[in-house]
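> Okay, here's the prediction I keep looking at, along with the sequence it came from:
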Amino acid sequence: MEGFLATPVGILALTVAQAMALLVPLLIGVAYLTYAERKVLAAMQMRKGPNVVGPLGLFQPFADAIKMLMKETIIPAGASRVLFLLAPIITFMLAMLAWAVIPVDDGWAIADINVGILYLFAISSLGVYGIIIAGWASNSKYAFLGALRSAAQMVSYEVSMGFVIVTVLLCVGSLNLTQIVRAQDGLWFIIPLFPMFVIMFISALAETNRAPFDLPEGESELVAGFFVEYSSMSFTLFFLGEYANMILMSALITILFLGGWLPPVNMEPFTWIPGPLWFIFKICFCLFIFIWVRATFPRYRYDQLMRLGWKVFLPFTLVWLVITAAALKLFGWLPVAA
């Protein structure tokens, strides 16, 4: 068996098996995230939420999926057909590809590369291309305006996210995601870098186009933004991509600030719970806050959104980065690069 796994075919088979072991639970998680969101929003608005299809409405995501698959894909007359259909595929594929470097436990990453954080940052930056292509190819003013808003929004908040990530990297001395988690054994970075955690979370909301920063799909002025012309499976791919990005951002926040798979205290009974379960609990906590924010805050105005990104977050993250670097140097806490 070991001899077979060393051959090119064996390596390919193992990689495919690892990818499926990660992507199948992820897609089921995306389906049930939509259910959880509807349930949590219903509870906050004193309603019941989905409760008809299956016990407690647990089969609602599958009913929605079947309904979407049965619908016809309508391509507008003036649309660029190839690009119109390619855009949701790009968005969905990038959301899936990013998971290749996410370590769910110590050594549990499909590709444990030394530049994992740069790979994640690059993939999340590429996500905007799918949205721009969708807006342009739809041949609709509403879709194009939504795509332009999304591009500007994502670029604006990626800058401050970059500085937050650099601050964490200063404390670790490595770009490897597994090393970042190991460095938090004993003290999670959320404690010394709490302001950066808050900025990272708010930037993640803007990066994933979630409320209160869901300007690209503002129903009141842009109908449905960049996917106004989409229906059926193409719409479903955008939908899945958005929710997969939410889970991805929650995983990134968990790795950078919440100690990844590490328990809160390295003692019993916390150590009895396996690392992957801690990782999932922390992701669920972040996702609950995503939904909580949606239920609580009204949508920002576009000028407020840009002002927050460029005039508040950017200067603050720069100053905090300098303070962190100075403190690490003065107290001799700079990590020795492996």
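Now that the structure is in, tell me what you want to look at.
> residue at max distance from the center of the chain?
residue 3 (37.9 Å; Cα atoms, centre = their mean).
> which other helices and strands contact the helix or strand containing that residue?
Assigned by DSSP states H and E, residue 3 belongs to helix 2-6. Here helix 2-6 touches helix 8-44, going by 3 or more Cβ pairs under 8 Å, 6 or more residues apart in numbering; DSSP states H and E. Yep, even glycine has a C-beta here, placed from its N, CA and C like the rest.
> Can you mark which positions in the helix it packs on are buried?
22, 26, 29-31, 33-40, 42 (16 or more other Cβ atoms under 10 Å).
> Next: stretch 71-87.
75-76, 79-80, 84-87.
> how about those, which pair is most distant?
Comparing all pairs in the buried residues of stretch 71-87 by Cβ to Cβ, the longest separation belongs to 76 and 86, at 15.0 Å.
> Low-confidence regions, the chain specifically.
Low-confidence segments of the chain, defined by pLDDT under 70: 1-2, 216-225, 337-338.
> From residue 108, how far off is the closest residue to residue 99 other than its chain neighbours?
In this structure, residue 99 finds its nearest non-sequential neighbour in residue 22, 5.8 Å apart by Cβ to Cβ, 6 or more residues apart in numbering. Going from residue 22 to residue 108 by Cβ to Cβ, to the nearest Å gives 9 Å.
> What of residue 78?
Residue 78 sits 48 Å away from residue 108, going by Cβ to Cβ.
> cool, residue 326 as well?
Relative to residue 108, and taking Cβ to Cβ, residue 326 is found at 36 Å.
> Give me the more crowded residue out of the two.
Using other Cβ atoms under 10 Å as the criterion, residue 326 and residue 108 rank with residue 108 on top: 17 against 10.
> count of neighbours near the closest residue to the more buried one other than its chain neighbours?
Spatial nearest neighbour of residue 108, chain neighbours left out: residue 276 (6.9 Å); criterion: Cβ to Cβ, 6+ apart. Residue 276 has 13 neighbours, counted by other Cβ under 10 Å.
> Got phi/psi on residue 276?
Per-residue torsions, residue 276: phi -60, psi -30 (degrees, to the nearest 10).
> Tell me where the stretch 51-200 of the chain has helices.
Taking DSSP state H, counting those that start in this stretch as the test, the helices found in the stretch 51-200 of the chain are 60-70, 81-97, 116-137, 141-172, 177-182, 194-207.
> The fifth one packs against which elements?
When you say that, I think you mean helix 177-182. Counting by 3+ Cβ pairs under 8 Å, 6+ apart, helix 177-182 packs on helix 116-137, helix 141-172, helix 232-257.
> Make CSV out of the buried residues of helix 8-44 and add distance to residue 49.
Listed next are the buried residues of helix 8-44 as CSV, based on distance: Cβ to Cβ, whole Å:
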residue, distance to residue 49
22, 29
26, 23
29, 18
30, 18
31, 15
33, 14
34, 11
35, 8
36, 10
37, 9
38, 5
39, 4
40, 8
42, 3
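> which residues touch stretch 237-252?
Here stretch 237-252 makes contact (Cβ atoms under 8 Å, 6 or more residues apart in numbering) with 26-27, 29-30, 33-34, 88-89, 91-92, 94-96, 98-99, 102, 120, 124, 127, 130, 134, 204, 207-210, 227, 230, 279, 282-283, 286-287, 290.
> I'd like the distance from that stretch to the chain centre, please.
4 Å (Cα atoms, centre = their mean, to the nearest Å).
> Pull out the buried residues from that stretch.
In stretch 237-252, counting by 16+ other Cβ under 10 Å, buried: 237-252.
> Sweet, I'm off.
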